[in-house]
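S.K.: Got a sequence here, can you model it:
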Amino acid sequence: METALLSRDIEKSLAEIPVFDVHTHLDATHLSARGLHDILLYHMVVSDLVSAGCPDRERLPEQPSDEQARSRIERALPFLPAIANTSCMWGARIILEDLYGWRQPVTAANWRKLDGVIRERSRDAAWPREIAAKARIVRSCTELWRRHDGRADDLFQYSLEWGFFARAQWGEYDTALYELEKAWSDGKPGAPLPVSGGRRPEAARRIGSVKDARDALDAYVDAIPSTVVSTAQHISTDIEFVAANERDMTAALRRRASAGSRERDVYASFILEEFLQRLEARKPGVVFQFSLGAEPLPAETASRLSQGTLAHVARIVARHPGVRFQCFLASAHANQTLCTLARELPNFSLCGYWWHTFFPAFIERIMRERLDMLSRAKQIGFFSDAYTMEWSYAKARIVRGILARVLADKVAAGQLGRKDAIDTARAIFFDAPQQLLRMEPAVTTMSGSRTPREPSRHARRSGAGSPGPAARPVTRSARKGKA
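M.R.: Sure, this is the predicted structure:
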């Protein structure tokens, strides 16, 4: 069988494999798109539009008004033809065609009609579950604060994305301190600070001493609920991680008002090390997930990563054998190095493709390298980083197609048999998330499944009910009439 035919044949088999979406920003209060803006102005598409000359550089607010959504869409429309070539726009077309039956260009004359179709569908509480079933997504992991009242616990497990202790922000040198102060002031897990920094409200509690920092870290770790599977953070390439002791930290705290890169390195190094010590001792089941290679700009981030940072990562991981680390890579050139680290460090694994590498050319390269170099037990093959279920669907479809081509080439070359290829896909889509992250399939009867799934331990803890009908896994939230 020629490779193209083999690829299509394998892709059909991959479409039946259940997948976990292990890193998202899906929100229990609006699981699917609330209007066209949630599809067309997803932040990856916004970056495409900026590259085409669109003046709007910022992400949409979390809860945009109708006027904000309207004005942003109308300002974006003239630039859509210039990004028709991008894979992000391909993803948007996949959503509109597959899920909404829309097969024409979006224009000033028709966008309101399309927006009305999406808004109408968003009022159907079963719709996001139908999308998940169509994508064969058996559970998603999202930020803990997006749980709200638990109405979507049947679909979600949770990651703590709250304080970022080793992230650099544009024009700041005390970010690690402020992140910890904010969390200490919050008292309980909440939403993280924006990725691009900006105006900082005064924190109610200030860190003026090493004791304050340790008290704040104790409170932070104590606030991590037992139900989260991971904590999502970032390790910045701008930070030189040093062996910062109490004296170094005390001196750096005194210089906070005039802090520069040296003080930034001390703050981040001290706080990260103390945090990992506590995580290792008190929360050994919580995986430390971190993005790597996405560095700040005045608005958004860009892919940038030094070899020195990879050496820092190796030392940090090796120093804490009781913490399981998992990397989201944003700079493809580092993939070979990270694969060699994952081969040798038992507590280090790799996961998917951060949004700076979520482009078919880089996804394919990363897949090929990882499948050649690394056990399938040390890699997870997918996460979407999506804010709506529609984007989870589109990205899952894109990744399945790319993996089918990669596996077809390996079968054609004699490296894998066809069954081995399908088993490999299942391992990185379905098995590894369970082994590496304690993910559990949701209570659902998926379209095409042979039998209903039994309730997982997570679902039983969350109180999810019995499976609904095929291709419409309606559970608690649907019965409440909430999306």
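S.K.: count of residues packed around Cys88?
M.R.: For Cys88, the tally of surrounding residues (other Cβ atoms under 10 Å) stands at 21. Every C-beta, even on glycine, is put in place using the N, C-alpha and C of the backbone.
S.K.: what stretches of the protein score poorly on pLDDT?
M.R.: 1, 196-198, 443-483 (pLDDT under 70).
S.K.: can you map out the helices along the stretch 251-400 of the chain?
M.R.: Secondary structure of the stretch 251-400 of the chain (DSSP state H, counting those that start in this stretch): helices at 261-282, 307-319, 335-344, 360-373, 389-412.
S.K.: Between those helices, which one is closest to Leu160.
M.R.: Minimum separation from Leu160 across these (Cβ to Cβ) falls at helix 261-282, 10.5 Å.
S.K.: what's next to the closest one, contact-wise?
M.R.: Helix 261-282 has contacts (Cβ atoms under 8 Å, 6 or more residues apart in numbering) with 165-166, 168, 172-177, 180, 213-214, 217-218, 220-222, 231, 236, 238-244, 248-249, 251-252, 255-256, 259, 286, 288, 316, 319-320, 322-323.
S.K.: same thing but at 6 Å, please
M.R.: Contact with helix 261-282 is made by 165-166, 173, 176-177, 180, 217, 221, 239-242, 244, 248-249, 252, 255, 320, 322-323, as judged by Cβ atoms under 6 Å, 6 or more residues apart in numbering.
S.K.: how about the helices of the stretch 251-400 of the chain in a markdown table, adding distance to Trp354?
M.R.: Below are the helices of the stretch 251-400 of the chain laid out as a markdown table (distance: least, Cβ to Cβ, whole Å):
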| stretch | distance to Trp354 |
| --- | --- |
| helix 261-282 | 19 |
| helix 307-319 | 14 |
| helix 335-344 | 11 |
| helix 360-373 | 10 |
| helix 389-412 | 12 |
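S.K.: Pick the most deeply packed of those.
M.R.: Highest mean neighbour count among those (mean count of other Cβ atoms under 10 Å): helix 389-412, with a mean of 23.
S.K.: which element follows that helix toward the C-terminus?
M.R.: helix 418-426 (DSSP states H and E).
S.K.: coming back round to it: quick one, which of the contacts of helix 261-282 are buried?
M.R.: Buried members of the contacts of helix 261-282, counted by 16 or more other Cβ atoms under 10 Å: 165-166, 173, 176-177, 180, 217, 221, 239-241, 244, 248-249, 252, 320, 323.
S.K.: Could you list which of these belong to helices?
M.R.: In this view, the buried ones among the contacts of helix 261-282 that belong to helices under DSSP state H are 176-177, 180, 217, 221, 248-249, 252.
S.K.: Quick check, Ala408 in contact with Ile10.
M.R.: Yes. Applying Cβ atoms under 6 Å, one finds Ala408 in contact with Ile10, separated by 5.4 Å.
S.K.: which residue sits closest to Thr107, ignoring its sequence neighbours?
M.R.: With sequence-adjacent residues excluded and distances taken as Cβ to Cβ, 6 or more residues apart in numbering, Thr107 is closest to Leu77, at 6.7 Å.
S.K.: Now His25: phi and psi?
M.R.: Backbone torsions for His25, taken as degrees, to the nearest 10, come to phi -130, psi 30.
S.K.: check contacts around it.
M.R.: With contact taken as Cβ under 6 Å, 6+ apart, His25 is in contact with Tyr387.
S.K.: Now for Ile10: which residues touch it?
M.R.: 404, 407-408.
S.K.: do the same with Ile137
M.R.: 19, 21, 392.
S.K.: Bridged to it, which residues?
M.R.: Beta-bridge partners recorded for Ile137 (DSSP bridges): Val19.
S.K.: how close does it sit to Asn335?
M.R.: Plainly put, Ile137 is 25 Å away from Asn335 if you go by Cβ to Cβ, to the nearest Å.
S.K.: want to throw the contacts of Ile137 into CSV with distance to Phe359?
M.R.: Below are the contacts of Ile137 laid out as CSV (distance: Cβ to Cβ, whole Å):
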residue, distance to Phe359
Val19, 20
Asp21, 18
Ser392, 17
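S.K.: That concludes my questions; thank you for your assistance.
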